[in-house]
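Novice: Here you go, sequence then predicted model.
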Amino acid sequence: MKTQTQTQTQTLLKKVYGYDNFRPLQEEIINRTIDGKDSFVLMPTGGGKSMCFQIPALIFNGITIVVSPLISLMKDQVQALKSNGIKADFFNSSISTIEENEVINRAINGELQLLYLSPEKLISVSNTWLKELNIKLVAIDEAHCVSMWGHDFRPEYTQLKVFRNSIPKVPFMALTATADKSARKDIEKQLGLTDSKLFISSFDRKNLSIEVRGQVEKKKKLQEIVNFINRRKNESGIIYCLSRKNTEEVANYLKQEGHSVAFYHAGMNHEERESTQTDFINDDTKIIVATIAFGMGIDKSNVRFVIHYNLPKNLEGYYQEIGRAGRDGLASETILYYNMRDFVLYSQFADGGANSAMQKEKLNRMLQFTEAKSCRRKILLSYFGEHLSENCGNCDVCENPPKDFEGTILTQKALSGIARMGEKDGITMLINVLRGSNNADIHSKQYFNLKTYGIGKDVSFFDWRDYIIQMANQGLIEIMYSENSALKISPIGWKVLKGEKTVRLTTPLSSDERKKTQK
Ligand code: ADP
Ligand code: ZN
């Protein structure tokens with residue numbers, strides 16, 4: 001039998017959103033929230049996160065606070081809610097003082113069910129009128145911004161814990177489309193979510209094909225892109241470039257070739273950006289060539305392709321960007337071009353900054369992905385903590401599989417090395433132990449006493465490195481960026497160690513080939 005809350009949520013789903021069924025996890029999250037408990041919601045963009053806090057907000061007798069850094073998105077969401085008869089408003093730097101006062105009055109008089117705030121505004125009013133509200137729920141959208149281990153850290157988010165402590169009994173919901181294990185742990189800590197339940201919905205976007213093309217020189221790259229677009233007349237797509245200058249160059253080139261195209265970057269003024277975006281959404285412009293400033297919060301369902309003209313800086317950003325294709329569920333294509341020049345350039349950018357070591361590690365992981373010889377979707381999903389049992393059949397590696405060999409014993413050697421070292425060390429230390437190297441670190445940690453010391457002498461340093469990265473790519477090993485890139489064994493890694501699962505590896509590049517790809 002259905003409980004009263006179930007009937008109520010089901011009715012709202014139909015009445016407000018017009019849907020008959022919840023997607024997996026939505027209902028469970030909503031019920032937990034109505035019970036007054038904290039949740040951590042990790043769902044891909046377009047996965048249906050908003051409903052998870054909006055439905056409880058409609059059921060609660062009080063106000064729900066939604067924290068979001070995306071001012072343009074806030075306005076759209078509030079407008080959509082209002083047009084459905086829901087009492088919602090937003091409070092951020094884009095509104096006038098008069099409007100501010102109106103919102104404050106409505107909130108204090110109990111006339112609002114949802115109030116969207118930017119983190120800056122929330123902090124600035126958390127000790128004044130906000131305290132007087134009957135807050136029933138706080139939703140932190142884009143929660144990865146809380147963490148230094150995320151890829152879009154925003155300092156103002158770190159003050160949210162103070163707000164949380166000021167209303168300890170109110171349930172909190174953290175929502176994001178992008179957070180690896182390190183970031184997840186950190187977000188929970190930063191927000192003080194000691195008893196939250198993690199909800200991860202599948203990140204697999206089966207309708208997106210994944211292709212990586214490396215070391216293509218500029219002229220050929222542009223020609224390939226033109227050929228690609230020519231074969232997809234009238235289809236919408238996004239081409240991501242590293243620099244503003246690049247976006248203009250590529251857009252002009254495509255325009256000369258007769259395509260409907262515009263560029264977009266943060267150097268344009270607000271009006272220009274708005275109109276470019278609107279033209280794209282309305283299909284008046286087919287192709288946008290943009291820096292990564294483009295796309296956050298854009299809800300366009302029929303983007304048929306996403307091309308990365310340059311190497312993305314990390315897998316989180318890459319996955320988010322390709323995720324803007326095919327939201328309607330129809331087959332869509334993604335192509336990533338990379339070259340070592342981008343890699344070297346970013347490595348220099350990363351120098352010096354606060355968490356530059358982590359940025360470099362993530363960049364390395366990005367490069368390893370491009371050079372991988374195992375199913376790319378498996379790599380991406382395992383990076384986000386999800387393990388596919390089969391290869392996807394819809395990526396360039398699956399379509400052109402490399403020759404591989406039985407690598408279980410080799411893998412077990414590496415994994416047992418990690419286990420005996422207590423899962424505290426990084427890749428270099430592991431290889432040195434496996435190869436029985438003799439250096440000061442190994443001495444001070446007394447690793448020469450380990451059973452695994454020297455069991456991998458017969459494999460060169462570079463080959464070990466390649467194999468260990470393959471193991472990480474296959475989801476057997478996790479690299480913990482928040483712990484100095486220490487290697488940890490994943491649940492399937494343990495299965496391999498216990499002999500319950502076999503592993504196939506591919507032969508590493510010879511040193512000659514390695515030099516070639518680094519040119
Ligand atoms: P997110 O915030 O995770 O990016 P949204 O909450 O904006 O995603 O939802 C993405 C789209 O999916 C919206 O158009 C929304 O109406 C739709 N959606 C959400 N839940 C459902 C559902 N249960 N059934 C059908 N469509 C849904
Ligand atoms: Zn694949």
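Specialist: Arrived safely. Ligands and ions are numbered 1, 2, ... in the order given.
Novice: secondary structure class for residue 334?
Specialist: Secondary structure for residue 334, judged by DSSP: H, G, I helix; E, B strand; the rest coil, is strand.
Novice: nearest spatial neighbour of it, skipping sequence neighbours?
Specialist: Among residues not flanking residue 334 along the chain, residue 322 sits closest, at 4.2 Å (Cβ to Cβ, 6 or more residues apart in numbering). C-betas here are computed from N, CA, C, even on glycine.
Novice: List the contacts of the one you found.
Specialist: By Cβ atoms under 8 Å, 6 or more residues apart in numbering, the contact set of residue 322 is 205, 208, 210, 306, 308, 334, 336.
Novice: Export these as CSV, with columns for secondary structure.
Specialist: Below are the contacts of residue 322 laid out as CSV (three-state DSSP):
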residue, secondary structure
205, coil
208, strand
210, strand
306, strand
308, strand
334, strand
336, strand
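Novice: which one of those is nearest residue 382?
Specialist: Closest to residue 382 out of the contacts of residue 322 is residue 210 (13.9 Å), distances taken as Cβ to Cβ.
Novice: Can you tell me which residues in this structure are near ligand 1?
Specialist: Within the chain, the residues that sit near ligand 1 (Cβ under 6 Å from any ligand atom) are 17, 19, 21-23, 26, 43, 45-51.
Novice: Just the ones of those in helices?
Specialist: Using DSSP state H, 26, 50-51 are the members of those that sit in helices.
Novice: so where do the strands sit in the stretch 351-500 of the chain?
Specialist: With DSSP state E, counting those that start in this stretch, the ranges of strands along the stretch 351-500 of the chain come out as 404-406, 477-480, 486-489.
Novice: got the contact list for the residue nearest the centre of the chain?
Specialist: By Cα atoms, centre = their mean, the chain has its centre lying nearest to residue 178, at 2.9 Å. Contacts for residue 178 (Cβ under 8 Å, 6+ apart) come out as 144, 150-151, 316, 319-320, 384.
Novice: Neighbour-wise, which one of those leads?
Specialist: residue 144 (26 neighbours; other Cβ atoms under 10 Å).
Novice: still on that earlier bit, which of the contacts of residue 178 fall in helices?
Specialist: Using DSSP H, the contacts of residue 178 in helices are 316, 319-320.
Novice: Residues of this protein that sit close to ligand 2?
Specialist: Residues of the chain found near ligand 2 (Cβ under 5 Å from the ion) are 375, 377, 391-392, 395, 398.
Novice: Let me know the closest of these to residue 65.
Specialist: Using Cβ to Cβ, residue 377 comes nearest to residue 65 of the residues of the chain next to ligand 2, at 36.7 Å.
Novice: measure that closest one to ligand 1 for me?
Specialist: Residue 377 sits 20 Å away from ligand 1, going by Cβ to the nearest ligand atom, to the nearest Å.
Novice: ditto for residue 93
Specialist: 22 Å.
Novice: Mind giving me the ChimeraX select for the residues of the chain next to ligand 1, buried ones only?
Specialist: Under the burial definition 16 or more other Cβ atoms under 10 Å, those of the residues of the chain next to ligand 1 that qualify are selected in ChimeraX by:
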select :22,26,43,45,46,47,48,49,50,51
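Novice: how about the residues of the chain next to ligand 2 in JSON lines, adding neighbour count?
Specialist: Formatted as JSON lines, the residues of the chain next to ligand 2 follow (neighbours: other Cβ atoms under 10 Å):
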{"residue": "375", "neighbour count": "24"}
{"residue": "377", "neighbour count": "24"}
{"residue": "391", "neighbour count": "15"}
{"residue": "392", "neighbour count": "20"}
{"residue": "395", "neighbour count": "23"}
{"residue": "398", "neighbour count": "18"}
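Novice: Closest to ligand 1 out of those residues?
Specialist: residue 377 (19.9 Å; Cβ to the nearest ligand atom).
Novice: check contacts around the closest one.
Specialist: Neighbouring residues of residue 377 by Cβ under 8 Å, 6+ apart: 204, 210, 388, 391-392, 394-395.
Novice: pLDDT-wise, what's the bottom of these?
Specialist: Among the contacts of residue 377, residue 388 carries the weakest pLDDT, at 85.
Novice: Give the burial count for the nearest residue to that one once chain neighbours are set aside, as a bare number.
Specialist: Taking Cβ to Cβ, 6+ apart, and ignoring the residues beside it in sequence, residue 388 has residue 378 as its nearest neighbour in space, at 5.0 Å. Using other Cβ under 10 Å, residue 378 has 23 neighbouring residues.
Novice: Same check on residue 7?
Specialist: What residue 7 shows, counting by other Cβ under 10 Å, is a neighbour count of 10.
Novice: Could you give the backbone dihedrals for it?
Specialist: Here is the backbone geometry of residue 7 (degrees, to the nearest 10): phi -60, psi -40.
Novice: roughly how far apart are it and residue 45?
Specialist: Relative to residue 45, residue 7 is positioned 30 Å away (Cβ to Cβ, to the nearest Å).
Novice: for residue 139, same thing?
Specialist: 16 Å.
Novice: same question, residue 146
Specialist: Taking Cβ to Cβ, one finds residue 146 at 18 Å from residue 45.
Novice: Residue 236 now?
Specialist: Distance from residue 236 to residue 45, counting by Cβ to Cβ: 17 Å.
Novice: Likewise for residue 207?
Specialist: 14 Å.
Novice: what about the residue nearest to residue 206 when sequence neighbours are not counted, neighbour count?
Specialist: With sequence-adjacent residues excluded and distances taken as Cβ to Cβ, 6+ apart, residue 206 is closest to residue 394, at 6.8 Å. Using other Cβ under 10 Å, residue 394 has 19 neighbouring residues.
Novice: Quick one: residues contacting residue 394.
Specialist: 206, 208-210, 377.
Novice: which SS state does residue 89 fall under?
Specialist: Here residue 89 is recorded as strand under three-state DSSP.
Novice: That one contacts residue 105, correct?
Specialist: No - assessed by Cβ atoms under 8 Å, residue 89 is found out of contact with residue 105, at 10.5 Å.
Novice: Can you pick out the residue with more neighbours from those two?
Specialist: More crowded of residue 89 and residue 105, by other Cβ under 10 Å: residue 89, with 22 against 12.
Novice: ok, now which ones touch that one?
Specialist: 78, 103, 106-107, 112, 114-116.
Novice: What separation is there between it and ligand 2?
Specialist: Going from residue 89 to ligand 2 by Cβ to the ion, to the nearest Å gives 45 Å.
Novice: Nearest spatial neighbour of that residue, chain-adjacent residues omitted?
Specialist: residue 103 is the one closest to residue 89 (Cβ to Cβ, 6+ apart), at 4.9 Å.
Novice: Is it correct that the one you found falls within a helix?
Specialist: Yes - under three-state DSSP, residue 103 sits within a helix.
Novice: any idea of the pLDDT on it?
Specialist: 95.
Novice: can you count the residues close to it?
Specialist: A count of nearby residues for residue 103, using other Cβ under 10 Å, gives 20.
Novice: Tell me the spacing between it and ligand 2.
Specialist: Going from residue 103 to ligand 2 by Cβ to the ion gives 49 Å.
Novice: just checking, that residue touches residue 114?
Specialist: No - applying Cβ under 8 Å as the test, residue 103 and residue 114 come out as separate, 11.6 Å apart.
Novice: ok, back up a step: what is the nearest of the ones in helices among the contacts of residue 178 to ligand 1?
Specialist: residue 320 (10.4 Å).
Novice: Grab the nearest non-local neighbour of the closest one.
Specialist: residue 178 (5.6 Å).
Novice: List the contacts of residue 164.
Specialist: Neighbours of residue 164 in contact, by Cβ under 8 Å, 6+ apart: 138, 172, 191-192.
Novice: Also residue 384?
Specialist: Contacts of residue 384 (Cβ under 8 Å, 6+ apart): 42, 178, 180, 203, 319.
Novice: Can you read off the pLDDT for the third one?
Specialist: Looking at residue 180, its pLDDT reads 80.
Novice: any idea how far it is from ligand 2?
Specialist: Using Cβ to the ion, one gets 20 Å for the distance from residue 180 to ligand 2.
Novice: Alright, I will stop here.
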